[in-house]
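# Take this sequence and fold it.
(one chain, ligands or ions: 1)
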Amino acid sequence: MAEAIIDVQDLHKSYREGLFTSKQVNALRGVSLTVPRGTIFGLLGPNGAGKTTLIKILLGLVKRSSGNGALLGRPLGDRLGRKMVGYLPEHHRFPRHLTGNAAMIYYGGLSGLSRSEVLAKRPALLERVGLSKWGNTPVHKYSKGMQQRLGIAQSLLHNPELVILDEPTDGVDPVGRADIRRLLKELQQEGTTIFLNSHQLQEIEMVCDQAAILLGGRVQKVGTIEEITTHPNARVEFVMRGSIDQMRYALSAVETEPWQTDGDHLARVVVSAEDQAMLNQCIDQLRQHQIDIVEIRRLRTSLEEAFLNIVTSETPQ
Ligand SMILES: Nc1ncnc2c1ncn2[C@@H]1O[C@H](COP(=O)(O)OP(=O)(O)OP(=O)(O)O)[C@@H](O)[C@H]1O
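Down below sits the predicted model:
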């Protein structure tokens, strides 16, 4: 198994609700999460689920109330660990008067890089995010997509092993989103791990390998996108050729959805197969009845559907 680049156990965070009250908001209530090196990992959750709090704890910007964890093998909060992380905050705003070139120097400085170090890296990074012709333009003239790409470029200045991006495609049009997805895939191919917080579920589905769904400060579901989107009732679609009567007989022991038949010999049906044993039994029965299985596939839901199922069926206490 790949080495964990983020590994947190039982993280809790309570905020005081206001200055003059002892009432608390439990933003995280025992979050455990492992992000393997080299993945693009999506963090999902409705507003208030605790996503930004988790990211800020990882970056040492917010102090956890309890729990443990490691970032790049170093204890949470360790300065060296944090130095190996690139970060694009949500709703970030570049100072309006800066040009793209100047913004890179400014943010490079915040990451501890000297001016000459930034100057050495800047051309290639601006080129890579498609902004090399825009370095001398003030950022307030940039489109939202250009600003986000510049934000990603600044997060890469110190060659981080892990990049944490908070809503990188927020407000970006479809062409800009496709550019960002391409960039993230390239970074992954070069070995960078990407931790992505986004409300854009289609984006997450297209670009991420794994994801966690946070709800009410707890991880409700975590896994590969395929695991998360595999239908909970394990619906399996069969396309078969042979005698329709024999097919119906062979599958009479399992629950099926309405059959679709084409002529006398071709049929498509979705069966509910709770586990692999039941699926094997269906296949055995079909073979015993001389039915050709033309196609067989597990049906998946969209990530959006899976997300809505989880968020609407789980009520956080
Ligand atoms: N500084 C703070 N003081 C008090 N409560 C806070 C503070 N920051 C966050 N919270 C509360 O903690 C909970 C989690 O907030 P958080 O911003 O982490 O959620 P989120 O999943 O990032 O939400 P969003 O998608 O809206 O950005 C919310 O109830 C929020 O109001």
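
# C-alpha from now on. contacts and neighbour counts both.
OK.

# neighbouring contacts of the lowest-mean-pLDDT helix or strand in the chain?
Every helix and strand in the chain was compared by mean pLDDT, DSSP states H and E; the lowest is helix 79-83, with a mean of 79. By C-alpha atoms under 8 Å, 6 or more residues apart in numbering, the surrounding residues in contact with helix 79-83 are Leu59, Gly60, Leu71, Leu72, Gly73, Arg74, Pro75, Ser111, Pro160.

# Recalculate using a threshold of 10 Å.
By C-alpha atoms under 10 Å, 6 or more residues apart in numbering, the surrounding residues in contact with helix 79-83 are 58-60, 70-76, 111-112, 158-162.

# distance between it and the chain's centre?
Here the centre of helix 79-83 is set off from its chain's centre by 23 Å, with C-alpha atoms, centre = their mean, to the nearest Å.

# got it, and stretch 62-82?
21 Å.

# show me where the stretch 51-200 of the chain has helices.
In the stretch 51-200 of the chain, the helices defined using DSSP state H, counting those that start in this stretch lie at 51-58, 79-83, 100-110, 115-128, 144-155, 174-189.

# Against which helices or strands is the fifth one packed?
Right, helix 144-155. Judged by 3 or more C-alpha pairs under 10 Å, 6 or more residues apart in numbering; DSSP states H and E, the packing partners of helix 144-155 are strand 85-88, helix 100-110, helix 115-128, strand 162-166, helix 174-189.

# Tabulate the CA atom coordinates of that helix in CSV.
Extracted in CSV, the C-alpha atoms of helix 144-155 (Å, rounded to 0.1, in the frame of the first residue of the first chain):
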residue,chain,number,x,y,z
LYS,A,144,-11.5,34.1,-12.3
GLY,A,145,-10.0,31.1,-14.1
MET,A,146,-6.7,32.9,-14.6
GLN,A,147,-6.6,34.0,-11.0
GLN,A,148,-7.2,30.4,-9.8
ARG,A,149,-4.4,29.2,-12.1
LEU,A,150,-2.1,31.9,-10.8
GLY,A,151,-3.1,30.7,-7.3
ILE,A,152,-2.1,27.2,-8.2
ALA,A,153,1.2,28.4,-9.7
GLN,A,154,2.1,30.2,-6.5
SER,A,155,1.2,27.1,-4.4
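
# mind listing what's buried in it?
Neighbour counts over helix 144-155 (16 or more other C-alpha atoms under 10 Å) mark Lys144, Gly145, Met146, Gln147, Gln148, Arg149, Leu150, Gly151, Ile152, Ala153, Gln154, Ser155 as buried.

# What of the longest one?
Neighbour-count burial for helix 174-189, with 16+ other C-alpha under 10 Å as criterion, is recorded at Gly176, Arg177, Ala178, Ile180, Arg181, Leu183, Leu184, Lys185, Leu187, Gln188.

# Between strand 162-166 and the helix or strand encompassing Gln9, find me the angle.
Under DSSP states H and E, the secondary-structure element containing Gln9 is strand 4-16. Compare the direction of strand 4-16 with that of strand 162-166 by axes from the mean of the first three to the mean of the last three C-alpha atoms, to 10 degrees and you get 40 degrees.

# rewinding a little: with distance to the ligand and pLDDT added, can I get the buried residues of helix 174-189 in JSON lines?
What follows is the buried residues of helix 174-189, written out as JSON lines (distance: C-alpha to the nearest ligand atom, whole Å; pLDDT from 0 to 100):
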{"residue": "Gly176", "distance to the ligand": "22", "pLDDT": "84"}
{"residue": "Arg177", "distance to the ligand": "19", "pLDDT": "87"}
{"residue": "Ala178", "distance to the ligand": "22", "pLDDT": "89"}
{"residue": "Ile180", "distance to the ligand": "20", "pLDDT": "89"}
{"residue": "Arg181", "distance to the ligand": "21", "pLDDT": "91"}
{"residue": "Leu183", "distance to the ligand": "24", "pLDDT": "90"}
{"residue": "Leu184", "distance to the ligand": "21", "pLDDT": "93"}
{"residue": "Lys185", "distance to the ligand": "24", "pLDDT": "94"}
{"residue": "Leu187", "distance to the ligand": "25", "pLDDT": "93"}
{"residue": "Gln188", "distance to the ligand": "24", "pLDDT": "95"}
